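1. structure for this input, please:
(one chain, ligands or ions: 1)
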Amino acid sequence: MAETPANFFTHLECSMTGERVANDRAHNLSPEGWPLLARYDLDAMKAAVDRDAIAARDAVAYPGFWKWRELLPVARDEDVVSLGEVDTPLIDTPATARAIGAMGRLIVKDEGRLPTGSFKARGLALAVAMAKAFGIDRMAMPTNGNAGAALSAYGARAGMETWSFCPEDTPEVNVREIAAQGGHVFRVNGLIHQCGKIVGDLKDEAGWFDVSTLKEPYRIEGKKTMGIELAGQLDWELPDAIVYPTGGGTGLIGMWKAFDEMERLGWIGSERPTMIAVQATGCAPIVKAYEAGAEHAEEWIDASTVAAGIRVPKAIGDFLILRAVRESGGFAIAVDDAHIERARRLCGDEDGLLLCPEGAATLAATEAAIADGRLEKDARIVLFNCGAGLKYPLPDRSRALDRTKPVSAAEVLNAAN
Ligand SMILES: *Cc1c(COP(=O)(O)O)cnc(C)c1O
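-> You can find the predicted model right below:
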């Protein structure tokens with residue numbers, strides 16, 4: 001076993017008031033009811049940690065995001081929970097770029113390669129590891145599918161019991177995947193925030209620790225590793241723009257936090273990418289708040305979109321998403337389901353890369369933002385494909401063929417799909 005990395009996690013901080021909270025036991029929200037953020041002794045870390053040495057760590061001893069242990073809260077090796085994490089690849093999509101009028105690099109960070117097929121693995125691995133460190137063995141959450149899948153898998157791995165509550169129209173494979181990885185799963189006739197209410201109402205009696213998005217401090221620490229990994233893959237030069245499918249916003253907030261931490265560690269300079277938050281027109285509370293100049297978003301009524309992962313009518317970290325977007329000089333933008341479907345097909349047809357609907361939403365948004373001039377044509381753009389395309393229903397573009405009748409090559413060759 002490799003040497004245990006040093007731990008620099010000092011305390012938690014209320015994201016709204018800055019109040020300091022001790023990190024010696026498990027926490028949900030701050031005393032005032034806001035998300036808590038993990039804080040580190042970055043000066044000590046700067047003196048002790050060599051960026052390039054930890055970036056080059058052995059992938060067997062430190063798989064994927066676990067290589068950044070010094071920047072993470074987990075202190076003891078025995079609390080690390082792993083299912084074979086990987087660095088997710090950066091994939092150039094030149095033909096898609098040409099088709100949407102992008103002249104610079106259009107890069108997809110394909111998070112679908114992670115265990116359980118989505119970037120929820122990053123957040124839940126950290127939440128489960130910290131829960132393990134605090135002796136918790138029963139956890140529950142509301143989920144649009146991928147978070148529950150990651151919770152059940154990492155929870156099973158850590159010997160814990162988990163409960164997931166999904167909207168009843170959550171993609172079928174996600175619901176079944178949760179149960180196939182040792183989790184209890186319920187379909188609820190409501191949306192994710194209504195599932196969240198069930199968890200909140202039952203948790204004391206059921207003895208659950210609530211791992212809802214941003215209602216515990218460590219999922220964001222896992223998600224921030226997207227920003228660290230991305231910087232490392234781009235030789236510590238961040239892209240011009242990051243286009244992020246925004247539900248609860250954990251990833252966007254986490255990456256923004258990581259950029260700040262890395263600058264203070266001297267790993268990167270002060271340049272920041274433009275952060276672009278993408279939502280679906282059928283559920284766009286952050287876009288509405290962004291356009292209204294508001295600090296918080298209002299609950300979106302009758303939320304509906306094919307991009308289940310970003311169907312979040314009310315996000316507790318709304319103000320953190322909006323702050324990051326505004327500080328970065330970015331914007332929030334909504335795209336409709338038809339455009340999402342077109343974008344998914346485009347990238348598959350042109351570059352052979354199957355996106356999930358939420359990933360396709362970032363491509364659709366990029367196309368729209370280049371067209372209306374909000375995004376420079378020659379920018380270096382990173383899109384987040386947050387989940388494996390295969391986890392979602394696909395349109396049937398096959399053609400039937402009757403082998404009992406004569407078939408000509410022309411017929412087959414001319415068949416449009
Ligand atoms: C959870 C999820 C999102 C939204 O991620 P946040 O960081 O919570 O905003 C987007 N797409 C997919 C596929 C997801 O599972």
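2. find me the pLDDT at Glu172, would you?
-> Predicted confidence (pLDDT) for Glu172: 89.
3. can you tell me, leaving aside adjacent residues, what's nearest to it?
-> Nearest residue to Glu172, sequence neighbours excluded (Cβ to Cβ, 6 or more residues apart in numbering): Pro393, at 7.9 Å. Just so you know, the C-beta spots here come from the backbone N, C-alpha and C atoms, and that holds for glycine as well.
4. can you list the residues of this protein near the ligand?
-> 118, 120, 146-147, 213, 245-251, 309-310, 356, 358, 386-387 (Cβ under 6 Å from any ligand atom).
5. check the offset of stretch 95-108 from the chain's centre.
-> 22 Å (Cα atoms, centre = their mean, to the nearest Å).
6. repeat for stretch 120-135
-> 15 Å.
7. could you dump that stretch to CSV, C-alpha only?
-> C-alpha atoms of stretch 120-135 as CSV (Å, rounded to 0.1, in the frame of the first residue of the first chain):
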residue,chain,number,x,y,z
LYS,A,120,-22.3,11.3,-9.7
ALA,A,121,-19.6,8.7,-8.8
ARG,A,122,-17.2,11.6,-7.8
GLY,A,123,-19.6,13.2,-5.4
LEU,A,124,-21.0,10.0,-3.8
ALA,A,125,-17.7,8.3,-3.4
LEU,A,126,-16.6,11.2,-1.2
ALA,A,127,-19.9,11.4,0.6
VAL,A,128,-19.8,7.7,1.4
ALA,A,129,-16.2,7.8,2.4
MET,A,130,-16.8,10.6,4.8
ALA,A,131,-20.0,9.0,6.2
LYS,A,132,-17.9,5.9,6.7
ALA,A,133,-15.3,7.9,8.6
PHE,A,134,-18.1,9.2,10.9
GLY,A,135,-19.6,5.8,11.5
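8. what's around Ala149, how many residues?
-> 31 (other Cβ atoms under 10 Å).
9. element containing it, please.
-> For Ala149, the host element (DSSP states H and E) is helix 146-157.
10. next secondary structure after that helix?
-> strand 161-167.
11. the bottom helix or strand of this structure by mean pLDDT?
-> helix 409-413 (a mean of 90; mean pLDDT, DSSP states H and E).
12. and that helix, which residues are buried?
-> Along helix 409-413, not one residue counts as buried under the neighbour rule (16 or more other Cβ atoms under 10 Å).
13. before we move on, the earlier item: now for the helix holding Ala149, which elements pack on it?
-> helix 120-133, strand 138-142, strand 161-167, helix 172-180 (3 or more Cβ pairs under 8 Å, 6 or more residues apart in numbering; DSSP states H and E).
14. where does the chain get nearest to the ligand, residue-wise?
-> Gly309 (2.5 Å; Cβ to the nearest ligand atom).
15. how about the strands in the stretch 201-350 of the chain?
-> Using DSSP state E, counting those that start in this stretch, the strands found in the stretch 201-350 of the chain span residues 209-210, 241-245, 274-280, 331-335.
16. got a markdown table for the ones you listed, with mean neighbour count too?
-> Shown next, in a markdown table, are those (neighbours: other Cβ atoms under 10 Å):
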| stretch | mean neighbour count |
| --- | --- |
| strand 209-210 | 19 |
| strand 241-245 | 28 |
| strand 274-280 | 27 |
| strand 331-335 | 25 |
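17. those: which one's closest to Lys257?
-> Lys257 sits nearest to strand 274-280 of all the strands of the stretch 201-350 of the chain, at 11.8 Å, using Cβ to Cβ.
18. show me the shaky parts of this protein.
-> 1, 416-417 (pLDDT under 70).
19. among the residues of the chain next to the ligand, which lie within helices?
-> Judged by DSSP state H, the residues of the chain next to the ligand include Lys120, Asn146, Ala147, Thr250, Gly251, Glu358 as members of helices.
20. any chance of these in TSV, plus neighbour count?
-> Shown next, in TSV, are these (neighbours: other Cβ under 10 Å):
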residue	neighbour count
Lys120	33
Asn146	31
Ala147	32
Thr250	28
Gly251	29
Glu358	32
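21. save the residues you listed as a markdown table, and put in distance to Glu291 too.
-> Below are these laid out as a markdown table (distance: Cβ to Cβ, whole Å):
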| residue | distance to Glu291 |
| --- | --- |
| Lys120 | 28 |
| Asn146 | 28 |
| Ala147 | 28 |
| Thr250 | 22 |
| Gly251 | 22 |
| Glu358 | 21 |
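22. kindly check the end-to-end length of stretch 84-102 for me.
-> Stretch 84-102 stretches 35 Å from its first residue to its last (Cα to Cα, to the nearest Å).
23. and the closest residue to Gly207 other than its chain neighbours, how many residues sit next to it?
-> Spatially, and ignoring its direct neighbours in sequence, Gly207 is nearest to Arg138 (5.4 Å; Cβ to Cβ, 6+ apart). For Arg138, the count of nearby residues is 15 (other Cβ under 10 Å).
24. check the one 3 residues further on too.
-> A count of neighbours around Met141, defined by other Cβ under 10 Å, yields 30.
25. contact partners for the closest residue to it other than its chain neighbours?
-> Closest residue in space to Met141, ignoring its immediate chain neighbours: Val211 at 4.7 Å, by Cβ to Cβ, 6+ apart. Residues near Val211 by Cβ atoms under 8 Å, 6 or more residues apart in numbering: Leu124, Ala127, Ala131, Met139, Ala140, Met141, Leu151, Arg219.
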